[in-house]
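[1] Pasted the sequence and its predicted model underneath.
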Amino acid sequence: MVKIAQISCGTDYSGVQKEIEKAAATFGSEIIIPEADLDYIDEAYEKFGFNAASSGIRLMIARAMSIVEGKTDADAVFIATCFRCAEGALVRNELRRFIQQNTHLPVVTYSFTERTKADELFIRMEALSTIVARKSLLAREKQEGLTIGIDSGSTTTKVVLMENNKIIGTGWLPTGDVIETANTGMDQAFEGTGYKLEDVDGVGVTGYGRLTIGHHMNAALIQEELSVNAKGAVFLAGHQRGEATVLDIGGMDNKVITVNDGIPDNFTMGGICAGASGRFLEMTARRLGVDITELGPLALKGNHMKAQLNSYCIVFGIQDLVTSLAAGGRKEDVASAACFSVAEQVYEQQLQEIDVREPLIQVGGTSLIGGLVDAVSTILGGIDVIVPEYSQYIGAVGAALLVSGLTKK
Amino acid sequence: MKIAVFPPNSLILADLVERKGHEALVLQKEIRKKVTDVEIDSPPLNITEEEPIKGLKYAAIEVPSGVRGRMAIFGPLIDEAEAAIIMEDAPFGFGCIGCARTNELSMFCLRKRGIPTLELKYPKSREETIEVVNKINTFLDGLEEENG
């Protein structure tokens, strides 16, 4: 049983405590509350140096200190405070750094509202449990045998057929009915290889549709996308050793994962703003009358400074785009500004939350948009950004690689 | 008389109030109702997701849900109060109620009621403690006289 230490303020009065426990229990984990007596609370926050006005937050600090000082036995840490609490946000972030600097425990932070439900926490709890329980599987560096990986994403489904550490077939199509789409994707991947599904040693599934497809196909690996993507990214980038950051700007949510020797040790996920997603770029391409594949090269020719877009809202972003075009703005500049606006938002909402470690491996369909990769690098002060070959198949590759460690052949 | 105490879970203040024949409005009684209600199963405090919504009466939608959940429980006690004793700067052991923003709002609501209110600072020495207890007793006796 994986023990997840909960460090929080407000969960008990927000009606979300049972949701947190439910999410953890779903993935075979148990929520534990670190011990902290009254004297220890004063001692801990003085030692930590943050004199919070809320005693609930001081208690959080003491609980974190208890983990760092080895008074509590935990395998992973979940830090949560109320959405909108400024003091909570400050302390949440500082405690995450503190625990990461002083322990090897994976940490996930979250800000909740009274509407937070267990399924919103599933992916975080599943990833925390996986990092702890499947550490040896995640350390796998080579794909063996013939395996297939399916990444059933919110927008597109990606399939990869791998044989002895090489990609021999791929499939990529818009997600509709998840099982039907996965079957078509597999047909695409098998095409020209001479193999059929019966020849495959193992099936690995990830993405939004993973449970449906995984159960339908009796897959050996059904895994959330955070650990799978991290693995796929370092494998494709040839960076399995040392530190790296994986950035996946998706159609519906964005993931930033820091990795050490191929094992994720921290991540953030955003999914509340369409202005910071691939969807915004898709709409931009449509408005500009170009195919999404042409948006990147177009953006690289433009100057984002010449067409400022509202970087906080998809609706107003598009409105600015229309205004810019109507005022005689060049398509290239607008495309560049759209990429820059998405990168800026991802930076402000997510990258700031995490200690970005070089190199940054950008993956997912949006990594093929050159202008966006360029914008991410510029915003991060010219950091080294790697876009590996097959970067859009990252989840499928990760699933195919990991499942090879579970097959009997 | 019904006396609200702050912190609303202070056993010492509640005891002083009851010794003088008044009724202390404390959090423990409210939580007890929730713990003993078989319909609710949300440990450790049995706050349901309805509570933060009820708390909207006291704190707006942009206020953290933890504050609104707390106010759903504290708020009705403040409404019911006929007098109040507020103790500021109290340490954890005196009655920890967690959230500083909720404390600020609770004290503001109590003051806004316009009921007889005694405001004190947590005593730091034996002399100060004796003085505080005397002030509380005098305040409570005065309420009785006022009440007839």
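    Looks like it arrived, so ask away.
[2] Check the gap between A:His247 and A:Ile386 for me.
    If you look again at residue A:247, you'll see it is Leu, not His. 10 Å (CB to CB, to the nearest Å). Quick note: C-beta positions are derived from backbone N, CA and C, even for glycine.
[3] Quick one: list the elements packing against the lowest-mean-pLDDT helix or strand in chain A.
    The helix or strand of chain A with the poorest confidence is strand A:263-270; it has a mean of 78 (mean pLDDT, DSSP states H and E). Contacts defined by 3 or more CB pairs under 8 Å, 6 or more residues apart in numbering or on different chains; DSSP states H and E place strand A:263-270 against helix A:86-102, strand A:107-112, helix A:118-133, helix A:135-138, helix A:225-236, strand A:254-260.
[4] Spit out the residues that contact A:Leu247 and A:Ile386 alike.
    A:360-362 (CB atoms under 8 Å, 6 or more residues apart in numbering or on different chains).
[5] now, which of those residues sits nearest chain B?
    Closest approach between these and chain B, by CB to the nearest CB: A:Leu360, at 33.1 Å.
[6] ok, that closest one - contacts?
    Contacts of A:Leu360 (CB under 8 Å, 6+ apart): A:244-247, A:376-377, A:380, A:383-386.
[7] correct me, but A:Ile263 touches A:Ser136?
    No: assessed by CB atoms under 8 Å, A:Ile263 is found out of contact with A:Ser136, at 10.0 Å.
[8] who's more crowded, those two?
    Neighbours per residue (other CB atoms under 10 Å in any protein chain shown) separate A:Ile263 from A:Ser136, with A:Ile263 holding more: 18 against 9.
[9] and residue 54, how many neighbours?
    I went with chain A, as the question did not name one. Using other CB under 10 Å, A:Ser54 has 24 neighbouring residues.
[10] Wait, chain B was what I had in mind.
    Neighbour tally, B:Lys54, other CB under 10 Å: 16.
[11] OK, contacts around it?
    B:Ala72.
[12] again with B:Ile85
    Counted by CB under 8 Å, 6+ apart, B:Ile85 has contacts B:3-6, B:13, B:17, B:117-118, B:120, B:136, B:139.
[13] Quick check, pLDDT for it.
    Model confidence at B:Ile85, given as pLDDT, is 97.
[14] quick one on the thing from earlier: what is the nearest of the shared contacts of A:Leu247 and A:Ile386 to B:Thr102?
    Comparing the shared contacts of A:Leu247 and A:Ile386 against B:Thr102 with CB to CB places A:Leu360 closest, at 40.8 Å.
[15] what about the strands in chain B?
    B:2-6, B:23-25, B:83-88, B:117-121 (DSSP state E).
[16] if you compare those, which one is most tucked away?
    Ranked by average neighbour count under the criterion mean count of other CB atoms under 10 Å in any protein chain shown, those are headed by strand B:2-6 at a mean of 25.
[17] neighbouring contacts of that one?
    Contacts of strand B:2-6 (CB under 8 Å, 6+ apart): B:13-14, B:17, B:22-26, B:77-78, B:80-87, B:103, B:106-107, B:110, B:140, B:143.
[18] thinking again about what came up before, pipe the strands of chain B into CSV and attach distance to A:Glu144 per row.
    As requested, these are exported to CSV (distance: least, CB to CB, whole Å):
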stretch, distance to A:Glu144
strand B:2-6, 66
strand B:23-25, 69
strand B:83-88, 67
strand B:117-121, 71
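[19] Low-confidence stretches in the chain?
    Using chain A here. Counting by pLDDT under 70, chain A shows low-confidence ranges at A:270-273, A:310-312, A:353, A:408-409.
[20] not what I meant, chain B
    In chain B, residues with pLDDT under 70: B:38-45, B:144-148.
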